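Peer 1: Okay, here's the prediction I keep looking at, along with the sequence it came from:
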Amino acid sequence: MSQYKFSGHETFHCRHFWLKKGYDFNQLGGDQRSNDAVVRLGVGKNMVTSIHYWMKAFKVTNSESSEITDFGHFIFSSNGKDPYLEDIGTLYMLHYNLMTNLNQASIYSITFEEFRKTRIDSEFTAELLFEFVARKLRVERLDYSEKSLRNDIKVFLRTYQTATKRGSKSIEDDFASVLLELNFVNPIQDTFINAEQVFRIRYDEQPRLSKLIFLHALLDRYEGQESISVKDIQRDVSDKFLCNRDGTEKKLNDLSDSGYLVYKQDAGRKEIQFKSNLNKWDVLKKYYDEV
């Protein structure tokens, strides 16, 4: 049975520089439980806890040991490829890490992979999302806190889209949101259900998603496998990037044309085969070398 988590962030969405701050703090031997963490990180006590949570949720640290992961070092070290999150490819990878971290950040995969498929045109309100998740948990006979779940949905929305009510503080917080540039969730102007704002999930070809970032995810998901069906890829990888079938076809064809894999159809079954000696970190390094 899956273990879901809808708390830990102290109701704060992840600000843009928090992951780098958290990484550097960790590398200097910092402990988020220590009395000086507030001073060294330059944030409030609850935000220290939130940074610790987001480090785990984005797989910058290991969820059990809090040690920095290979991904964390690759991006945020002194020689890291994108420590200040300036490249869209890094944001796609951070999103992918959330989507594959169900036990730490459950709302993301539940919303984008399960709930989205129940909505016409991928439109929803916060209340409809709450009702869906609450019903799912009841069916699975799992206890949950209504307050925690509602707060988690608020944080989810602030992670991907700007606030609908404007003020100097909200504008500052919006642009500080780490995944805002992905533009995955947007309010539909002047559209409400029961006085609640209606949002739309952007599920399309994801033209800004590099074929090499996509290939890195394929290698991460299917390490050691020889032949993978396109149907499985759509379910296991593409949908996590909110990439539709047309986008999947295009990226696989581009990867095939570039010599990274063989893309073929055999007896009506579309599948890929990786070329030998492909390493996911080498692929990622090549991506950053080219941008």
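Peer 2: Great, that's in hand.

Peer 1: Now for the chain, the helix or strand with the poorest mean pLDDT.
Peer 2: helix 168-176 (a mean of 52; mean pLDDT, DSSP states H and E).

Peer 1: Would you mind identifying the next helix or strand past that helix?
Peer 2: strand 185-193 (DSSP states H and E).

Peer 1: any idea which helix or strand comes after that following strand?
Peer 2: By DSSP H and E, the next helix or strand past strand 185-193 is strand 196-201.

Peer 1: Name the surrounding residues that touch the helix or strand following that following strand.
Peer 2: Counting by DSSP H and E, the next helix or strand C-terminal to strand 196-201 is helix 211-221. Taking contacts as Cβ atoms under 8 Å, 6 or more residues apart in numbering, the residues outside helix 211-221 that touch it are 89, 92-93, 96, 228, 233, 236-237, 240-241, 243, 251, 254-255, 258, 260-261, 272, 274, 278-280, 283-284, 286-287, 290. In short, each C-beta sits where N, CA and C put it, glycine included.

Peer 1: which residues touch the closest residue to residue 24 other than its chain neighbours?
Peer 2: Nearest residue to residue 24, sequence neighbours excluded (Cβ to Cβ, 6 or more residues apart in numbering): residue 76, at 7.7 Å. Remark: with contacts taken as Cβ under 8 Å, 6+ apart, residue 76 is in contact with 19, 20, 23, 24, 60, 83.

Peer 1: Now do the buried residues in the helix or strand containing the first one.
Peer 2: Element membership of residue 19 [criterion: DSSP H and E] is helix 18-27. For helix 18-27, the neighbour count (16 or more other Cβ atoms under 10 Å) marks 18, 19, 20, 21, 22, 23, 24, 25, 26 as buried.

Peer 1: And the residue nearest the centre of the protein?
Peer 2: Central residue of the chain (Cα atoms, centre = their mean): residue 95, 1.8 Å from the mean position.

Peer 1: For residue 270, which three-state class applies?
Peer 2: Secondary structure, DSSP: H, G, I helix; E, B strand; the rest coil: residue 270 is strand.

Peer 1: Distance from the helix or strand that contains residue 108 to the middle of the chain?
Peer 2: For residue 108, the element it lies in under DSSP H and E is helix 106-109. Counting by Cα atoms, centre = their mean, to the nearest Å, helix 106-109 is centred 9 Å from the centre of its parent chain.

Peer 1: tell me which strands and helices it is in contact with?
Peer 2: The elements that helix 106-109 packs onto, with contact taken as 3 or more Cβ pairs under 8 Å, 6 or more residues apart in numbering; DSSP states H and E, are helix 88-99, helix 146-160.

Peer 1: now the longest one and strand 196-201, what's the angle there?
Peer 2: For helix 146-160 against strand 196-201, the angle between stretch directions is 50 degrees (axes from the mean of the first three to the mean of the last three Cα atoms, to 10 degrees).

Peer 1: other SSEs contacting helix 146-160?
Peer 2: helix 106-109, helix 126-139.

Peer 1: Pull the residues that contact the shortest one.
Peer 2: Translated: helix 106-109. The contact list for helix 106-109 (Cβ under 8 Å, 6+ apart) reads 2, 4-6, 95, 98-102, 133, 152-153, 156, 240.

Peer 1: C-terminal to it, what's the next element?
Peer 2: Using DSSP H and E, the first helix or strand after helix 106-109 is strand 123-124.

Peer 1: Touching that next one from outside, list them.
Peer 2: 115, 188, 198, 199, 200, 201.

Peer 1: what residue ranges in this structure are flagged as low confidence?
Peer 2: Scanning the chain for pLDDT under 70 picks out the ranges 1-2, 162-175.

Peer 1: Keeping just the C-alphas, turn stretch 29-49 into CSV.
Peer 2: In CSV, the C-alpha atoms belonging to stretch 29-49 read as follows (Å, rounded to 0.1, in the frame of the first residue of the first chain):
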residue,chain,number,x,y,z
GLY,A,29,27.6,20.5,8.1
GLY,A,30,24.5,22.4,8.9
ASP,A,31,21.6,20.7,10.8
GLN,A,32,18.1,22.1,10.3
ARG,A,33,17.3,21.2,13.9
SER,A,34,20.2,23.3,15.3
ASN,A,35,19.6,26.6,17.0
ASP,A,36,21.7,28.5,14.4
ALA,A,37,19.9,27.2,11.3
VAL,A,38,17.6,30.3,11.3
VAL,A,39,20.6,32.6,11.2
ARG,A,40,22.7,30.6,8.7
LEU,A,41,19.8,30.1,6.3
GLY,A,42,18.5,33.6,6.7
VAL,A,43,14.8,32.5,7.1
GLY,A,44,12.2,32.0,9.8
LYS,A,45,12.1,28.8,11.9
ASN,A,46,9.1,27.4,10.0
MET,A,47,10.9,28.1,6.7
VAL,A,48,13.9,26.1,7.9
THR,A,49,11.6,23.1,8.2
